[in-house]
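Visitor: Output the structure for:
(chains A and B)
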Amino acid sequence: GDSVTQMEGPVTLSEEAFLTINCTYTATGYPSLFWYVQYPGEGLQLLLKATKADDKGSNKGFEATYRKETTSFHLEKGSVQVSDSAVYFCALGGNTPLVFGKGTRLSVIA
Amino acid sequence: GAVVSQHPSWVICKSGTSVKIECRSLDFQATTMFWYRQFPKQSLMLMATSNEGSKATYEQGVEKDKFLINHASLTLSTLTVTSAHPEDSSFYICSPPGKRESYNEQFFGPGTRLTVL
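Guide: Predicted coordinates:
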C-alpha cells in the first residue's frame, strides 16, 4: 500500500539556519503530496501542497517540489524562525484519505 | 480553510468506561469524516471512515464494536471508545474532506487526547 517515509527528528536549529526535512513516498498512481504543520496544542494545518510532478508548493517561506523520478517531496526553508517550531508531517493522497509520515519535530532556538 | 472542532480536547477515564468524542464541522457540511489515531511519536493512522446516513467502514485491525462511529448529521460525527483500556490511550483526530478543483483537501480537528488509567 501507499506509504510515506520522512526523516526522524527531532531537529534542532538556530534561528536563520537552513532547513531541510526529507520525505519520500511509495504510491500507486499519481497522488497529490502535502506538508502539514502541527503547532503545540493545535490541530494539523495545511502548509503547502503539490498535485502533479514537478509542481512546487510554497507558503510562509517553505518550499517543496514534487519529484516523481526520486519519489520525494523534501521540505525546505532558507531561514527558520523560532515561530517555526512545530511538528511537520509529509502526506500523500488526494481522492483517498491521506497517508501520513511519522512527523518531524523541529525546534528553533534563538 | 474550514473550521473543525472536537470535544473534549482531553479526557482521563478509568479502565472499563466509555468515552464519547464529538467532532463538528462549523462552517460547511461534511458528508464524510475520517477518524485518525496518533500514538506518541507515531504517525496518524486512519481508523475508520464515516458517511452521513450509512455505516462506517473500518480499517483492518480496528475493532468496530469497540470504536463506535456515528455520523449523525452533516455537521456532527462522534467516536465512542467503549470499555476503554490503557492501550486505547492516544490522540484521536477527526478530519472531514473538502472538494477542491483537482484533489480532496482534508481539514483537521484539534484532536482529543484520551488517557485511560
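Visitor: Residue ranges in chain B under the pLDDT threshold?
Guide: Low-confidence regions of chain B, defined here as pLDDT under 70, cover residues B:1-2, B:99-104.
Visitor: Any residues of it in contact with chain A? List them.
Guide: If contacts are counted using Cβ under 8 Å from any Cβ of the partner chain, the residues of chain B sitting beside chain A are B:1, B:4, B:34, B:41-44, B:46, B:49, B:93, B:95, B:97, B:102-106, B:108-111. Glycine gets a C-beta too; all of them are placed from N, C-alpha and C.
Visitor: I'd like to know which of the residues you listed are buried.
Guide: B:4, B:34, B:43-44, B:46, B:49, B:93, B:95, B:97, B:103-106, B:108-111 (16 or more other Cβ atoms under 10 Å in any protein chain shown).
Visitor: need the residues of chain A near chain B, please.
Guide: Proximity of chain A to chain B is confined to A:4, A:32, A:36, A:41-46, A:49, A:51, A:89, A:93-103 under the rule Cβ under 8 Å from any Cβ.
Visitor: which ones are touching the nearest residue in space to A:Ala17 that is not next to it in sequence?
Guide: Spatial nearest neighbour of A:Ala17, excluding adjacent residues (Cβ to Cβ, 6 or more residues apart in numbering or on different chains): A:Val80 at 5.7 Å. Contact partners of A:Val80, counting by Cβ atoms under 8 Å, 6 or more residues apart in numbering or on different chains, are A:Leu13, A:Glu15, A:Glu16, A:Ala17, A:Phe18, A:Leu19, A:Leu106, A:Val108.
Visitor: one more time with 6 Å, if that's ok
Guide: A:Leu13, A:Ala17, A:Leu19, A:Val108 (Cβ atoms under 6 Å, 6 or more residues apart in numbering or on different chains).
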